[in-house]
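got a predicted structure here, sequence first:
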Amino acid sequence: MPPFDVPEGDPFGPHNLPYGVFSPSGSRERRVGVRLGDHVLDAGAAAAALGSSHQSLLARPVLNPLLAAGRTVWSEVRRAITGWVTDPAHRAAVEPLFHPLSEVTLHLPFEVADYVDFYASENHARNVGQIFRPDAADSLTPNWKHLPIGYHGRSGTVVVSGTDVVRPSGQRKGPGDPAPVFGPSIRLDIEAEVGFVVGVPSELGRPVALGDFRDHVFGLCLLNDWSARDIQAWEYVPLGPFLGKSFATSVSAWITPLEALEHARVAAPERTHPLLPYLDDSAPGIEPGGYDLRISVAINGQVVSEPPFSTMYWTAAQQLAHMTVNGASLRTGDLYGSGTVSGPEDGQRGSLLELTWNGREPLELPDGKRAFLEDGDVVTLSAWAPGPDGCRVGLGEVSGRIVTR
Ligand SMILES: O=C(O)/C=C/C(=O)CC(=O)CC(=O)O
Ligand SMILES: [Ca+2]
Ligand SMILES: [Mg+2]
């Protein structure tokens with residue numbers, strides 16, 4: 001009987017165990033849940049039933065207390081939960097505490113503190129450079145290979161998968177327009193990204209070293225950095241993205257702990273420029289910083305792209321080191337986006353801007369051509385990573401529908 005007997009090879013088997021926050025059907029109460037197959041374990045109730053000392057971290061309406069507890073505790077809790085869902089001795093106590101996924105409501109799993117977004121895919125940066133700055137000598141800006149470029153976003157508009165995305169209005173000015181006009185964005189886009197969730201804070205004034213990444217970052221999720229290209233193109237000089245990206249950022253409901261992704265770790269692409277010591281991941285003792293995550297982008301159910309995360313030039317560890325090198329502190333619940341993931345092939349681009357080359361080469365979907373998003377379009381990012389014994393680690397999905405209000 002499921003869920004204990006989740007089929008072998010299920011991407012949400014006991015090798016995965018991502019965390020989320022759910023309400024059981026008919027209830028508004030929020031509880032920490034752990035996904036197993038197509039069920040959710042009420043983790044706080046399980047801790048209580050088994051007399052676990054982790055109850056104070058799990059019987060909560062958000063993941064933040066668990067995030068703050070630190071790497072040793074993260075491992076202990078994960079080991080304990082693995083035992084609860086696999087040891088036949090616990091079956092009678094734990095089995096009634098599972099809820100079918102189809103019957104629960106999933107919430108934003110953590111309270112988002114600060115939100116930062118990077119620009120770390122060389123393929124994406126070169127494509128966007130060619131599109132936005134066609135006259136520049138190089139598609140990469142001169143700083144690109146020396147530091148992971150980023151900007152501070154709007155944490156209050158991070159929403160969970162399934163939340164409708166309201167088409168933003170704003171100023172735009174096309175090259176032929178004599179003056180800016182105001183109205184709903186006509187170039188609404190996606191950005192397929194991975195979000196990293198900070199657990200352990202850092203002290204103001206003390207940078208976090210490259211090698212300390214896994215002491216601070218708890219896990220990752222999928223992230224769609226919705227982007228209004230017309231608003232962005234007019235406003236971004238010289239301070240960078242502002243209203244074109246701050247109206248909504250969607251994240252998946254499940255946070256996969258980094259511990260579940262040990263088999264997905266890979267070396268980052270070869271460095272073409274020497275790096276300053278705080279970013280130098282070729283230094284002895286620094287672990288490989290890449291993750292082999294296979295992302296898929298679907299519009300209205302049709303897959304339009306499959307961006308490979310392993311091609312990202314800058315790693316999450318380098319991004320963490322860079323965003324704290326000036327002494328800026330981390331808080332529990334900080335979220336940072338990897339930047340749009342685009343591979344070298346046409347079918348691996350993580351935005352419509354690139355997939356349609358700024359609208360010039362529309363995609364053919366069953367319901368017509370698509371340059372940018374139309375009202376009613378549903379965009380879904382999903383992903384998996386290699387796991388132990390040839391099985392996959394499912395990263396779930398992040399989905400959102402475009403509406404006009
Ligand atoms: O190069 C630009 O002017 C703009 C770039 C972006 O829109 C990229 C962005 O938001 C960062 C990313 O997701 O890679
Ligand atoms: Ca982005
Ligand atoms: Mg955004």
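Received the coordinates, thanks. Ligands and ions are numbered 1, 2, ... in the order given.

quick check: mean pLDDT of stretch 72-82?
Averaged across stretch 72-82, pLDDT comes to 98.

scratch that, stretch 122-139
With pLDDT averaged residue by residue, stretch 122-139 scores 95.

likewise for stretch 204-212?
98.

can I get the CA coordinates of that stretch in PDB?
Provided in PDB are the C-alpha atoms of stretch 204-212 (Å, rounded to 0.1, in the frame of the first residue of the first chain):
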ATOM      1  CA  LEU A 204      27.600  41.700   8.900                       C
ATOM      2  CA  GLY A 205      31.100  42.600   7.900                       C
ATOM      3  CA  ARG A 206      32.300  39.000   7.400                       C
ATOM      4  CA  PRO A 207      32.400  37.500   3.900                       C
ATOM      5  CA  VAL A 208      31.400  33.900   3.400                       C
ATOM      6  CA  ALA A 209      34.200  31.900   1.800                       C
ATOM      7  CA  LEU A 210      33.800  29.800  -1.300                       C
ATOM      8  CA  GLY A 211      34.400  26.600   0.600                       C
ATOM      9  CA  ASP A 212      31.600  27.400   3.200                       C
END
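
mind checking pLDDT for the residue in the stretch 301-405 of the chain that ligand 1 sits nearest to?
Closest residue of the stretch 301-405 of the chain to ligand 1, CB to the nearest ligand atom: G339 (3.2 Å). From N, CA and C alone the C-beta is placed, and that goes for glycine too. As predicted, G339 sits at a pLDDT of 98.

same check, this time on the one 10 residues further on
At R349, the predicted lDDT confidence score is 98.

in the stretch 301-405 of the chain, where is pLDDT below threshold?
Within the stretch 301-405 of the chain, no stretch has pLDDT under 70.

can you tell me which residues in the chain are near ligand 2?
117, 191, 225 (CB under 5 Å from the ion).

could you look up the SS state of the residue of the stretch 301-405 of the chain closest to ligand 1?
Under DSSP: H, G, I helix; E, B strand; the rest coil, G339 falls in the coil class.

wait, doesn't it sit right on G195?
No: in this structure, G339 is not within contact of G195 by CB atoms under 8 Å, at 10.8 Å.

now do the helices in the stretch 251-400 of the chain.
316-324, 352-355 (DSSP state H, counting those that start in this stretch).

the last one packs against which elements?
Just to be clear, that refers to helix 352-355. Secondary-structure packing of helix 352-355 (3 or more CB pairs under 8 Å, 6 or more residues apart in numbering; DSSP states H and E): helix 122-132.

next one: the helix it packs on to chain centre, how far?
A distance of 21 Å separates the centroid of the chain from that of helix 122-132, by CA atoms, centre = their mean, to the nearest Å.

other residues contacting the very next helix or strand once past it?
On the C-terminal side of helix 122-132, the closest following helix or strand by DSSP states H and E is strand 150-152. For strand 150-152, the external contacting residues (CB atoms under 8 Å, 6 or more residues apart in numbering) are 114-119, 240-241, 319, 322-323, 336, 339.

try it again at 7 Å.
Strand 150-152 is contacted by residues 116-119, 240-241, 323 when judged by CB atoms under 7 Å, 6 or more residues apart in numbering.

note down every partner strand of it and its orientation.
Next to strand 150-152 in the sheet, as set by DSSP bridges, lie strand 115-118 (antiparallel).

quick one: neighbours of Q319, just the number.
Using other CB atoms under 10 Å, Q319 has 28 neighbouring residues.

show me what contacts the residue lying closest to it once chain neighbours are set aside?
Spatially, and ignoring its direct neighbours in sequence, Q319 is nearest to P148 (4.9 Å; CB to CB, 6 or more residues apart in numbering). Applying CB under 7 Å, 6+ apart, one finds that P148 lies in contact with 118, 120, 314, 318-319, 322.

between those, which sits nearest ligand 2?
Minimum distance to ligand 2 across the contacts of P148 is 7.5 Å, recorded for F118 (CB to the ion).

hmm, back to that, mind putting the residues of the chain next to ligand 2 into a markdown table with pLDDT?
Formatted as a markdown table, the residues of the chain next to ligand 2 follow (pLDDT from 0 to 100):
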| residue | pLDDT |
| --- | --- |
| D117 | 98 |
| E191 | 98 |
| D225 | 98 |
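
now for the contacts of strand 150-152: which two are most distant?
With CB to CB as the measure, no two of these lie farther apart than P241 and M323, at 15.9 Å.

for the strand of greatest length in the chain, name the packing helices and strands.
Longest strand in the chain, counting residues (DSSP state E): strand 392-403. For strand 392-403, the packing partners by 3 or more CB pairs under 7 Å, 6 or more residues apart in numbering; DSSP states H and E come out as strand 165-166, strand 217-224, strand 249-251, strand 378-386.

those strands: which one's closest to ligand 3?
Comparing those by CB to the ion, strand 249-251 comes nearest, at 3.7 Å.

the closest one pairs with which strands?
Short version: by DSSP bridges, strand 249-251 pairs with strand 158-160 (parallel), strand 217-224 (antiparallel).

show me which helix runs longest in this structure.
Secondary structure of the chain per DSSP state H: the longest helix is helix 71-86.

may I see the buried residues of that helix?
71, 74, 77-78, 80-81, 84-85 (16 or more other CB atoms under 10 Å).

and that helix, how far out from the chain's middle?
For helix 71-86, the distance to the chain centre is 23 Å (CA atoms, centre = their mean).

got the angle for the longest strand of the chain vs strand 217-224?
With axes from the mean of the first three to the mean of the last three CA atoms, to 10 degrees defining the directions, strand 392-403 sits at 40 degrees from strand 217-224.

the nearest residue to A383 once chain neighbours are set aside: neighbouring residues, count only.
Excluding the flanking residues, the one nearest A383 by CB to CB, 6+ apart is L395, at 4.0 Å. By other CB under 10 Å, 30 other residues sit near L395.

next one: N127
N127 has 22 nearby residues by other CB under 10 Å.

pull the contacting residues for the residue lying closest to it once chain neighbours are set aside.
Residue nearest to N127 in three dimensions, not counting chain neighbours: E354, with 4.4 Å by CB to CB, 6+ apart. For E354, the contact set (CB under 7 Å, 6+ apart) comprises 124, 127, 342.
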